[in-house]
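Engineer: Sequence and predicted structure below; questions after.
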Amino acid sequence: MVENRPLLTFFSHATLILGVVAIAFPLYVTFVASTLTLDQILAVPMRLVPGDQLWANYSQVLVSGSTKGSAAPVSLMMMNSLIMALTIAVGKIAISIIASFAIVYFRFRLRNFFFWMIFVTLMLPVEVRIIPTFQVVADLGMLNSYAGLTIPLIASATATFLFRQFFLTIPDELAEAARIDGAGPMRFFFDVVIPLSKTSIAALFVIQFIYGWNQYLWPLLITSDESMYTSVIGIKRMIVGSDAANEWNLVMATAILALLPPALVVVLMQKWFVKGLVETEK
Amino acid sequence: MEKRVVFQSGWLPYALLAPQIAITVVFFFLPAFQAVWFSFQLQDAFGLKTEFVGLQNFAELFRDPHYLESFKVTAVFSVLVAFFGLGLSLLLATMADRVLRGALAYKTLLIWPYAVAPAIAGVLWAFLFAPSIGIITYVLKGWGVDWNWIINGDQAMLLVVIASVWNQISYNFLFFLAGLQSIPKSLIEAAAIDGAGPGRRFWTIVFPLLSPTTFFLLVVNIVYAFFNTFGVIDATTQGGPAQATQILVYKVYHDGVKSADLGGSSAQSVVLMFIVIALTVIQFRFVERKVNY
């Protein structure tokens, strides 16, 4: 604070409060809608005070799903989302930490070639190569399977880069000392590199968990079996027609359930989230 | 930058790299090359016969008025998303950087939309703006605005822009806040002593020093608008009405999956790949150079 300007401070708070309210408004309306009956929602204008259907709506979607569009229970979809998010986050961290360890701590033929090979993938999001990737997965018989949902999304250049950047800052003396003491590369990896990387791993985990949970296009393409739907896909499948034809109370309860886990991860692990976000983009 | 101390092993580095390289080859390179290969081919309606047609798919693509229209839609969409996304988050970040009381609470309340999947963001806003039951629609009707994005293309565009900006605002906010906090306080104090007011200080000191962050975010937001907004669009307008919101990525999906036009869709994929590569190169070139102010 350079100087005291009460009016400007007031204006700052007012802007921020307005921003917070505007950003929270859709969430609030969604929550209210998830506690009303369908008739209450369809009565224009919808009331903005929570109703008493919270338990009824949530238990219905969790146990038996909606009656239109998709009939899969949302608890199953959330399980699928969780499996997908955890596999992608853990898998990405595991394969990229060993890959960057190899690139940083060894000299071998084709090292630069492999490095560039990984680097190039940074540029190609799934959205760009939808159809051919789908065909590869179909040829491998991985449609409607967890393997198909997760493995194609596990390879990522971002994680490899983050770990590479971090490994380069580990003092050489540590590797030297380990070598003098007779530790092999894997011993050094598990006893020195992994413990030092804990914060990077945590930060990356938060980002990749959200990335995996929120995947849309990929699961949309490769899951046709209701039992493999993730929660984000489930919502889309519940919306079948025009405004009044949908069971909005159930759609909105599902929306809250689908956005709660990643939102909690962001809010509760805020420190790691910010670190992960800022560092993966460097 | 290289390590001085390294380990020696004939096979270990290859074994460590194997999983990453295997997945990269199978799910990145193979599909990317296939996309290029398909883009030179013409497939009949039943997928029984394919014929090599050279650049014909590309030639047709750039003669197709729908495709050129989709380019225009994408350009308008990404400019709007980037402009409003950056403007609003810079305003909020500047304010959050100023206040002492409640800074953490504001930050927490502003970052959570990042966790919401684009498709869900689309559903949330589509519900608020639903033509017959939406609560904002009701308010707009009270003001005499005839709101129906299902038949009005401009309103559909506005809806997907709002949902996309809302979804991306926390990301921009965090980067702007980090950028603002790294500006040396002494510069601002010196300007204040010389009599510059808050507005003057912002435009002559803070904003120029923030330009690397702004530029970085500009590229990120354009990439976001190009690709990650697929969920927003599919959950709301599905490219309609009359292709008013059909951005390039959505058209690749629509032509490839729904219309099963493999050659045309692959040619579009190849064009998109070039756009992504160009954006990445721009980002690396400029960001690396300008970041050292």
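Structural biologist: Good, I have the coordinates.
Engineer: Is chain A within reach of the strand or helix carrying B:Ile282?
Structural biologist: According to DSSP states H and E, B:Ile282 maps onto helix B:262-290. Yes: for helix B:262-290, a contact with chain A is found by CB under 8 Å from any CB of the partner chain, at B:Leu262, B:Ser265, B:Ser266, B:Ser269, B:Leu272, B:Met273, B:Val276, B:Ile277, B:Thr280. C-betas here are computed from N, CA, C, even on glycine.
Engineer: With pLDDT and neighbour count added, can I get those residues in JSON lines?
Structural biologist: Shown next, in JSON lines, are those (pLDDT from 0 to 100; neighbours: other CB atoms under 10 Å in any protein chain shown):
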{"residue": "B:Leu262", "pLDDT": "76", "neighbour count": "22"}
{"residue": "B:Ser265", "pLDDT": "82", "neighbour count": "27"}
{"residue": "B:Ser266", "pLDDT": "83", "neighbour count": "27"}
{"residue": "B:Ser269", "pLDDT": "85", "neighbour count": "28"}
{"residue": "B:Leu272", "pLDDT": "86", "neighbour count": "24"}
{"residue": "B:Met273", "pLDDT": "83", "neighbour count": "18"}
{"residue": "B:Val276", "pLDDT": "82", "neighbour count": "18"}
{"residue": "B:Ile277", "pLDDT": "81", "neighbour count": "14"}
{"residue": "B:Thr280", "pLDDT": "77", "neighbour count": "17"}
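Engineer: quick check, stretch A:254-265 touching chain B?
Structural biologist: Yes: Stretch A:254-265 reaches chain B (CB under 8 Å from any CB) through A:Ala255, A:Ala258, A:Leu259, A:Pro262, A:Ala263, A:Val265.
Engineer: Among those, name the ones in helices.
Structural biologist: The helices, defined by DSSP state H, take in A:Ala255, A:Ala258, A:Leu259, A:Pro262, A:Ala263, A:Val265 from those.
Engineer: so who does the first one touch?
Structural biologist: Taking CB atoms under 8 Å, 6 or more residues apart in numbering or on different chains as the definition of contact, the neighbours of A:Ala255 are A:Thr30, A:Ser34, A:Ile235, B:Ile120, B:Val123, B:Leu124.
Engineer: now, which of those residues sits nearest A:Arg5?
Structural biologist: Closest approach to A:Arg5 among these (CB to CB): B:Leu124, at 36.8 Å.
Engineer: what's the closest of the ones in helices among the residues of stretch A:254-265 next to chain B to A:Asp172?
Structural biologist: A:Val265 (35.6 Å).
Engineer: for the stretch 1-150 of chain A, what spans make up the helices?
Structural biologist: A:6-33, A:38-42, A:54-64, A:74-105, A:111-121, A:130-139, A:146-154 (DSSP state H, counting those that start in this stretch).
Engineer: What are the buried residues along the last one?
Structural biologist: Going back to what we said before, that points to helix A:146-154. Buried residues in helix A:146-154, counting neighbours by 16 or more other CB atoms under 10 Å in any protein chain shown, are found at A:Gly148, A:Leu149, A:Thr150, A:Ile151, A:Pro152, A:Leu153, A:Ile154.
Engineer: I'd like to know which of the helices of the stretch 1-150 of chain A is closest to B:Gly142.
Structural biologist: Across the helices of the stretch 1-150 of chain A, closest to B:Gly142 is helix A:6-33 (CB to CB), at 17.0 Å.
Engineer: Contact partners for residue 187?
Structural biologist: I'll assume chain A. By CB under 8 Å, 6+ apart, the contact set of A:Arg187 is A:Ala178.
Engineer: not what I meant, chain B
Structural biologist: So B:Leu187 contacts B:Ile205, B:Leu209 (CB under 8 Å, 6+ apart).
Engineer: B:Val281 now?
Structural biologist: Applying CB under 8 Å, 6+ apart, no residues qualify as near B:Val281.
Engineer: A:Thr87 now?
Structural biologist: A:Thr87 neighbours (CB under 8 Å, 6+ apart): A:Tyr146, A:Leu149, A:Thr150, A:Ile154, A:Gly212.
Engineer: swap the cut-off to 6 Å and go again
Structural biologist: Counting by CB atoms under 6 Å, 6 or more residues apart in numbering or on different chains, A:Thr87 makes contact with A:Thr150.
Engineer: Spell out which residues of the stretch 101-250 of chain B are next to chain A.
Structural biologist: Taking CB under 6 Å from any CB of the partner chain as the contact definition, the stretch 101-250 of chain B meets chain A at B:106, B:108-109, B:112, B:115-117, B:119-120, B:123-124, B:128, B:130, B:132-133, B:135, B:138, B:174, B:178, B:188-189, B:192, B:198, B:227, B:230-231, B:235, B:249.
Engineer: so after the longest helix seen in chain B, what's the next helix or strand?
Structural biologist: Longest helix in chain B, counting residues (DSSP H): helix B:65-98. Next along the chain after helix B:65-98, taking DSSP H and E as the criterion, comes helix B:103-111.
Engineer: what about the closest residue to A:Leu149 other than its chain neighbours, how many residues close to it?
Structural biologist: Nearest non-adjacent residue to A:Leu149, counting by CB to CB, 6 or more residues apart in numbering or on different chains: A:Met84, 5.2 Å away. Number of residues near A:Met84 (other CB atoms under 10 Å in any protein chain shown) recorded here: 25.
Engineer: May I ask you to confirm that A:Met84 is in contact with A:Gly212?
Structural biologist: Yes: here A:Met84 reaches A:Gly212: they are 5.3 Å apart, a contact under CB atoms under 6 Å.
Engineer: May I see the ones in helices among the residues of stretch A:254-265 next to chain B arranged in JSON lines, with distance to B:Trp149 as well?
Structural biologist: Output for these, formatted as JSON lines (distance: CB to CB, whole Å):
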{"residue": "A:Ala255", "distance to B:Trp149": "19"}
{"residue": "A:Ala258", "distance to B:Trp149": "23"}
{"residue": "A:Leu259", "distance to B:Trp149": "22"}
{"residue": "A:Pro262", "distance to B:Trp149": "27"}
{"residue": "A:Ala263", "distance to B:Trp149": "26"}
{"residue": "A:Val265", "distance to B:Trp149": "32"}
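Engineer: distance of A:Val278 from chain B?
Structural biologist: The gap separating A:Val278 from chain B is 6 Å, by CB to the nearest CB, to the nearest Å.
Engineer: How about residues contacting the helix or strand where that residue lies?
Structural biologist: For A:Val278, the element it lies in under DSSP H and E is helix A:270-280. With CB under 6 Å, 6+ apart as the test, helix A:270-280 has contacts from A:Thr158, A:Leu162, A:Ala202, A:Ala203, A:Leu204, A:Val206, A:Ile207, A:Val266, B:Leu174, B:Ala178.
Engineer: Next SSE downstream of the one helix or strand the first one maps to?
Structural biologist: Looking back up the chat, that one is A:Thr158. According to DSSP H and E, A:Thr158 maps onto helix A:157-168. Proceeding N to C from helix A:157-168, the next assigned helix or strand is helix A:172-180, under DSSP H and E.
Engineer: Leaving out chain neighbours, which residue sits closest to B:Phe62?
Structural biologist: Setting aside the residues directly before and after it, B:Phe62 is nearest to B:Leu68 in space (CB to CB, 6+ apart), at 7.2 Å.
Engineer: And for A:Thr9, the neighbour number?
Structural biologist: A:Thr9, neighbours per other CB under 10 Å, totals 16.
Engineer: Next: A:Ala138.
Structural biologist: Close neighbours of A:Ala138, defined as other CB under 10 Å, add up to 13.
Engineer: Chain B versus that one, what's the distance?
Structural biologist: As defined by CB to the nearest CB, A:Ala138 lies at a distance of 11 Å from chain B.
Engineer: pLDDT value on residue 254, please?
Structural biologist: Answering for chain A, as no chain was given. We have a pLDDT of 90 for A:Thr254.
Engineer: my question was about chain B
Structural biologist: At B:His254, the pLDDT recorded in the model is 86.
Engineer: All set now, cheers.
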